[in-house]
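1. Have a look; sequence and predicted model below, questions after that.
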Amino acid sequence: MAPFFLPLSLILLMRILVFVLLLSMIVLSCKEATTPDIKIEETPTQRFRYSLAQWSLNKELFAGDIQVVDFIDSAAVWGFEGVEYVNGFFKDKATDTLFLKSLNDRAKSLGMTQVLIMIDGEGDLGVQDETRRKEAVTNHFKWIDAAHYLGCGAIRVNAFGEGSPEMVAAAMAKSIKELCNYAESKHIKILIENHGWYSSDGKWLASVIQQVGHPLAGTLPDFGNFCIEKQDPQIWSSPCINNYDPYQGVSELIPYAGGLSAKSYHFGADGKETTLDYEKFAKIIQESTFSGFIGIEYEGDSIPAPRGIALTKKLIESYLE
């Protein structure tokens with residue numbers, strides 16, 4: 001049998017492949033020996049951010065000393081990251097895109113987030129008369145559109161109506177569900193604030209959200225609005241004769257919270273709020289799953305608004321950060 005010989009070209013090709021393989025192994029071993037371990041540090045997410053509630057400057061706005069767009073500048077100068085509007089200060093501007101664009105432009109130039117719009121005066125969502133209830137719902141649609149145009153995440157509504165607690169709750173649940181359905185394509189949350197009467201009963205308001213059963217329905221717990229009954233129901237400043245426990249109320253509402261309103265009225269020489277225990281509120285917040293914007297809302301008149309705003313922000317931050 002004749003001896004078997006490989007072609008010279010094939011022998012050369014095999015030698016080249018072996019050389020390339022050995023060279024690759026050497027390079028890899030050197031890389032493993034010289035490349036240090038690189039650990040990627042994750043940037044911690046900021047749990048709480050702070051926005052300025054426009055009502056804090058209600059006297060200045062009503063007097064015409066500042067305009068709505070100037071409010072954004074004030075919030076930025078005072079160290080806030082966001083603003084919360086009250087529709088009463090631009091009641092006729094919900095569909096005025098030129099006006100809304102001016103807010104967008106100012107907020108963008110200052111790096112500010114437009115958080116939400118608080119809606120008042122558009123009809124009671126908890127009335128029993130279907131015509132009036134549907135009219136109130138429809139009146140809120142334009143504010144959902146405005147919030148979407150501004151890049152807000154929510155609107156705040158009131159839970160006012162007529163009848164027994166059960167009757168108002170049923171009407172409210174129907175109205176909130178209709179608002180949520182309208183807001184779905186715009187991803188705007190519909191938040192109910194404890195704002196007097198039945199809505200200041202934490203259990204009652206939580207039950208309304210449960211009845212709605214929609215992911216866009218939630219609450220905006222306010223530290224100070226827990227008066228269920230006033231001496232004169234027709235006068236907002238009338239003394240409260242039936243006040244719901246505010247710490248229990250916030251505890252009951254915070255599981256559904258899409259925001260928080262840190263209300264303040266009066267400060268002592270030590271910088272602490274004299275009518276509300278902020279340390280208790282902070283503990284409730286820390287033990288919850290809530291994260292996001294906390295609105296600072298100074299409603300006192302014993303010191304200038306800028307001072308009251310600064311003290312409120314400093315106080316809540318001291319307990320949460």
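-> Happy to help now that I have it.
2. SS state for Glu84?
-> strand (DSSP: H, G, I helix; E, B strand; the rest coil).
3. And for Asn58?
-> helix.
4. Tell me how many other residues surround it.
-> As a burial measure, Asn58 scores 17 neighbours (other C-beta atoms under 10 Å). To be clear about C-beta, it is placed using only N, CA and C from the backbone, and glycine gets the same treatment.
5. What of Ala310?
-> Around Ala310 there are 17 other residues, counting by other C-beta under 10 Å.
6. Spatially nearest residue to Gly161, not counting backbone neighbours?
-> Among residues not flanking Gly161 along the chain, Gly126 sits closest, at 2.2 Å (C-beta to C-beta, 6 or more residues apart in numbering).
7. Apologies, that question was intended for Glu321.
-> Spatial nearest neighbour of Glu321, excluding adjacent residues (C-beta to C-beta, 6+ apart): Phe48 at 7.2 Å.
8. What of Glu178?
-> Spatial nearest neighbour of Glu178, chain neighbours left out: Val137 (5.1 Å); criterion: C-beta to C-beta, 6+ apart.
9. Let me see the contact set for that neighbour.
-> 125, 175, 178-179 (C-beta atoms under 8 Å, 6 or more residues apart in numbering).
10. For the buried ones among those residues, write the corresponding ChimeraX selection.
-> Those of these that count as buried under 16 or more other C-beta atoms under 10 Å are selected in ChimeraX with:
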select :125,175,178,179
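11. residue contacts, the most centrally placed residue in the chain?
-> The chain has Gly259 as the residue nearest its centroid, 3.8 Å off, counting by C-alpha atoms, centre = their mean. Going by C-beta under 8 Å, 6+ apart, Gly259 touches 84, 115-116, 154, 156, 191, 220, 292-295.
12. Could you pull out the helices in the stretch 51-200 of the chain for me?
-> 58-63, 68-77, 97-110, 130-150, 165-183 (DSSP state H, counting those that start in this stretch).
13. Of the ones you listed, which stretch is the most buried?
-> Of all the helices of the stretch 51-200 of the chain, helix 165-183 carries the top mean neighbour count, a mean of 21, counting by mean count of other C-beta atoms under 10 Å.
14. and the residue nearest to Gly161, how many neighbours?
-> 27.
15. On the pLDDT front, check it for me.
-> pLDDT for Gly126: 98.
16. ok, it touching Phe160?
-> Yes: counting by C-beta atoms under 8 Å, Gly126 sits close enough to Phe160 to count as a contact (5.8 Å).
17. now the helices of the stretch 51-200 of the chain in JSON lines, with distance to Asp270?
-> Listed next are the helices of the stretch 51-200 of the chain as JSON lines, based on distance: least, C-beta to C-beta, whole Å:
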{"stretch": "helix 58-63", "distance to Asp270": "26"}
{"stretch": "helix 68-77", "distance to Asp270": "26"}
{"stretch": "helix 97-110", "distance to Asp270": "33"}
{"stretch": "helix 130-150", "distance to Asp270": "38"}
{"stretch": "helix 165-183", "distance to Asp270": "40"}
